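Undergrad: Could you look at this predicted model? Sequence included:
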Amino acid sequence: MTKQMVDTSKIPGWGADADPENDPTYPIRHIEDQKSRGLTWTRPTQQIPNVEILRSIEHNRLPAVIGTSTPPSGLSGAIRRYAFRRSESDWLHWLLLMGADRINVVEGVVEDLTRGKVPNIPGEMGARAEWQHNKTGFAVKAGATAAIAAVLVAAIRGRQSEKSVSPAAPAEPADPDKALFIPY
Amino acid sequence: MLAMNYRGPYRVRVDEKPMPQILHPEDAIVRVTRSCICGSDLHLYHGMVPDTRVGMTFGHEFCGIVEQVGPEVRNLKVGDHVLVPFNIACGKCHFCQQGLFGNCHEANAQATAVGGIFGYSHTAGGYDGGQAQYVRVPYADVGPMVIPDWMDPDDAVLLTDVVPTGYQAAEMGGIQPGDTVVVFGAGPVGLMAARSAWLFGAGRVIVIDHLDYRLEFARVFGPAEVYNFREIDDMAVFLKKQTDSLGADVCIDAVGGDAAGNALHYLFGTKLKLEAGSAIALHWAINSVKKGGIVSIVGVYGPTGNMVPIGNVVNKGITIRANQASVKRLLPRLIDHIKAGHINPKAMITHRVPLADIADAYHLFSAKLDGCIKPVLLPNGQ
C-alpha cells in the first residue's frame, strides 16, 4: 500500500461548497424566529385507511398519509399487533416484529402453495446470476444443499424404518404387575 | 402491473400486482422509467429491518412519468417526467419546515423515529416502492421534481437518494478546507461521499473497503486514496499513522449494518440480530477520528442497538452527525453541480436490468458479483 496523494487543483469544483460556518447544528441554526419553528402546522388532508394500519403508540394521531402495502394477517399479523402495544423504545417491540417477519416467510410459502404456485426458491435467490458469474460458489452451494437434503432424507427414512420394525406398545397393560417389564 | 415481490430473506421475484390508486388528494401515480436497487435495499433483502412483510414491493430510488394526479396536486401534470426523492414528506410539519424532509412527521404511522420512505418496510411507513411498473407517490407537490430537459435520466434517478445521501454525509462532516476525510465503504453512497468531500474543500480523501474492484473504482471516481481493510491489522493505528498520529478530521460511515470486517459484530449483528446490524465501520470511525473530530453517519442501521465505543465519543469530544438525506433541500445545489460538470453520478451505473430479472439483480448486487456497483432496473423497458 502506498500513499496516493491527490492534487486538489485538478478536482472539478474543489471547495465550491466550503463553508466555514458549517457546524453540527445545521440545519436548525437557520431558524430565525419562534414562529418559524412550526411546532404546530396546518395539517394535510387526512387519508382514510382502507386497510388495517398499525400505529406506533408514540404517535398521538395517525399521520396524514399512510402506506397501505401488505396489511397484517395470520399469525404474523397477530404478533405484529401485539408488538405495536409497545413503544419504539422497547426492544421487545422490534424483536417481536423480527419474529413475525420470519413466521411471515413460512406463511408466504403456504400462501403460494394454496394458490397452486410452487415457489421457485433457487430462482428467487438469484441462482441464475450465481451460475453465470460465480460457478464455484454455485457448485459449493448446490453441493451443500444436496448434502443437507440427503442427511434429512436419510434421517426421516431411518425413523420410519425404525417404527415399522418396532412392536407396537400396548395401549394399556393387561396385568399391572407385568407392566414394569414392558420394554416401553 | 408487474412489481417486485419480497418473499423472505434473500428471496424476491416479480409478480402481477394490482395497479396503485390515488388514496389521498395529494397523491400521484407514476409510471416508472428507471428504478435502482440501493445498498440499503440489501438490508431489507438480508432480513435485517424489522416489519419487512412478505408481499411488499421495495424501491426508493426511481423516476418516471406522471400518469395521474389527485385533486389537490398543483405543481405536477400528467406527462411530466419526474425524479422522486426517497423521502415521503408533507412539506408542512415541524420537521419539514426546518429542511428536515427526511424526518417528516406526517408520513409514517408505524414509527416516529423514521420518516416515510418508499418501499422500505413498515418501519418506514409501509409504502410499496418503485421497483414496479407503477407506483403511488404521496405528497406529489412536495418531493417530486420535473427532470430538466438537459439532464440524463440516469443522473436523475441517482439524485433520488445516492447522490444527496453521499453529499449530505460530507456536508454533515463539517469539512473545512484542508481536512482529511476518511470514508468507510466504497459502495455508491461512499463513492459520492468521497466525491462530495472535495466540494467542501477536503485536503485529503481516503476510502476504506475490502473489495478491490470497488476500491479501484473509488480511486478513479473519487478520486481518493484507497485501502483494503483486509490488508490492515488495526484500522485505528493505521489511520493514526496516516494522519500524523492525531486521527482524521472527519470520518464518514457509509456502510451501515451490513459491514464486513469483524467476526464478533458479524455474528451478533448480522446473524443473531442481537445488534442492529454489524457496526464495525462506525466503531472504526469513532476510534479513527481525531479528538474533537466529526463522525458522520449515513449507513443504515436497524432500530435497536449496537455495540460501539460510546465512551470514546465522550472522552474524545467527538461530534456525531447523522440523518437520512434531506433530498428536496439538496436537489437544487446538486443539479447545479451536475450541470457544472463537478459530479457525474451516472458513471457509477454498472448494470441495467429488466424488472423480470430482479432476483438475479439483487443477488448480483448482494454478492458483489460481476463488478457490480450500481444496478438500475428498467420496469417499462428502455
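TA: Sure thing, it's come through.
Undergrad: which residue packs closest to whichever residue of chain A sits closest to chain B, ignoring adjacent ones?
TA: Per CB to the nearest CB, residue A:126 is where chain A lies closest to chain B, at 2.4 Å. Glycine gets a C-beta too; all of them are placed from N, C-alpha and C. Using CB to CB, 6 or more residues apart in numbering or on different chains and skipping the chain neighbours, the partner closest in space to residue A:126 is residue B:363 (2.4 Å).
Undergrad: which ones are touching that neighbour?
TA: By CB atoms under 8 Å, 6 or more residues apart in numbering or on different chains, the residues touching residue B:363 are A:125, A:126, A:127, A:129, A:130, B:10, B:369.
Undergrad: Now do the same contact list for the residue of chain A closest to chain B.
TA: Applying CB under 8 Å, 6+ apart to residue A:126 gives the contacts B:359, B:360, B:361, B:362, B:363, B:364, B:366, B:367.
Undergrad: go on, residue B:114?
TA: Neighbours of residue B:114 in contact, by CB under 8 Å, 6+ apart: B:108, B:123, B:124, B:125, B:303, B:324.
Undergrad: what kind of secondary structure is residue A:156 in?
TA: State at residue A:156, reduced to three classes by DSSP: H, G, I helix; E, B strand; the rest coil: helix.
Undergrad: Tally up the residues packed near it, please.
TA: A count of neighbours around residue A:156, defined by other CB atoms under 10 Å in any protein chain shown, yields 10.
Undergrad: Ok, residue A:48 next?
TA: Look at residue A:48: counted by other CB under 10 Å, it has 9 neighbours.
Undergrad: Likewise for residue B:199?
TA: Residue B:199 has 24 neighbouring residues, counting by other CB under 10 Å.
Undergrad: And the contacts of residue B:363, which two are furthest apart?
TA: B:10 and B:369 (14.0 Å; CB to CB).
Undergrad: picking up where we left off before, got phi/psi on the residue of chain A closest to chain B?
TA: When quoted as degrees, to the nearest 10, the phi and psi of residue A:126 stand at phi 80, psi 30.
Undergrad: Give me the pLDDT value at residue A:119.
TA: Note for residue A:119: predicted pLDDT of 96.
Undergrad: So it, which state does it fall into?
TA: Taken by three-state DSSP, the conformation at residue A:119 corresponds to coil.
Undergrad: Can you name the residues that contact it?
TA: Per CB under 8 Å, 6+ apart, neighbours of residue A:119: A:108, A:109, A:112, B:7, B:11, B:13.
Undergrad: How much space separates the closest residue to residue B:349 other than its chain neighbours from residue B:190?
TA: Nearest non-adjacent residue to residue B:349, counting by CB to CB, 6+ apart: residue B:374, 4.9 Å away. In this structure, residue B:374 lies at 12 Å from residue B:190, with CB to CB, to the nearest Å as the measure.
Undergrad: quick one, which of these two is more surrounded?
TA: Remark: of residue B:374 and residue B:190, residue B:190 carries more neighbours, 31 against 25, as counted by other CB under 10 Å.
Undergrad: Can you report phi and psi for the more buried one?
TA: phi -60, psi -40.
Undergrad: for residue B:34, same thing?
TA: Per-residue torsions, residue B:34: phi -140, psi 140 (degrees, to the nearest 10).
Undergrad: Return the residues in contact with residue 64.
TA: The chain I'm using is chain A. Counted by CB under 8 Å, 6+ apart, residue A:64 has contacts A:43, A:44, A:45, A:46, A:47, B:24, B:90, B:106, B:107.
Undergrad: that's the wrong chain, I wanted chain B
TA: B:30, B:31, B:32, B:33, B:34, B:81, B:82, B:84, B:130, B:135.
Undergrad: Give me the nearest residue to residue B:283, chain neighbours excluded.
TA: Distance criterion CB to CB, 6+ apart; nearest residue to residue B:283, sequence neighbours excluded, is residue B:308 at 5.3 Å.
Undergrad: what do you get for residue A:134?
TA: Leaving aside its sequence neighbours, residue A:134 sits nearest to residue B:369 (CB to CB, 6+ apart; 5.6 Å).
Undergrad: same thing with residue B:34?
TA: The shortest distance from residue B:34 to any non-neighbouring residue, by CB to CB, 6+ apart, is to residue B:157 (4.2 Å).
Undergrad: Look at whichever residue of the stretch 151-300 of chain B sits closest to chain A and say how many residues are nearby.
TA: Nearest to chain A, among the residues of the stretch 151-300 of chain B, is residue B:201, at 3.6 Å (CB to the nearest CB). By other CB under 10 Å, 20 other residues sit near residue B:201.
Undergrad: Hmm, residue B:120 and residue B:87 touching each other?
TA: No - counting by CB atoms under 8 Å, residue B:87 stays clear of residue B:120, with 10.4 Å between them.
Undergrad: Would you mark the buried spots in stretch A:5-15?
TA: Across stretch A:5-15, burial judged by 16 or more other CB atoms under 10 Å in any protein chain shown covers A:6, A:8, A:11, A:13, A:14.
Undergrad: Just say helix, strand or coil for residue B:29.
TA: Following three-state DSSP, residue B:29 is assigned to strand.
Undergrad: what's near enough to touch it?
TA: B:19, B:20, B:21, B:22, B:66, B:67, B:68, B:69, B:134, B:135, B:136, B:137.
Undergrad: before we move on, what about residue B:2?
TA: Neighbour list for residue B:2: B:14, B:15, B:16, B:17, B:132, B:133, B:355, B:356, B:379 [criterion: CB under 8 Å, 6+ apart].
Undergrad: Repeat the analysis, applying 10 Å as the threshold.
TA: Contacts of residue B:2 were listed using CB atoms under 10 Å, 6 or more residues apart in numbering or on different chains, and they are B:14-17, B:131-134, B:354-356, B:358, B:379-380.
Undergrad: again, but for residue B:78
TA: By CB under 10 Å, 6+ apart, residue B:78 lies in contact with B:28, B:29, B:65, B:66, B:67, B:68, B:69.
Undergrad: Likewise for residue B:330?
TA: Taking CB under 10 Å, 6+ apart, one finds B:85, B:99, B:101, B:159, B:163, B:164, B:165, B:167, B:168, B:171, B:337 in contact with residue B:330.
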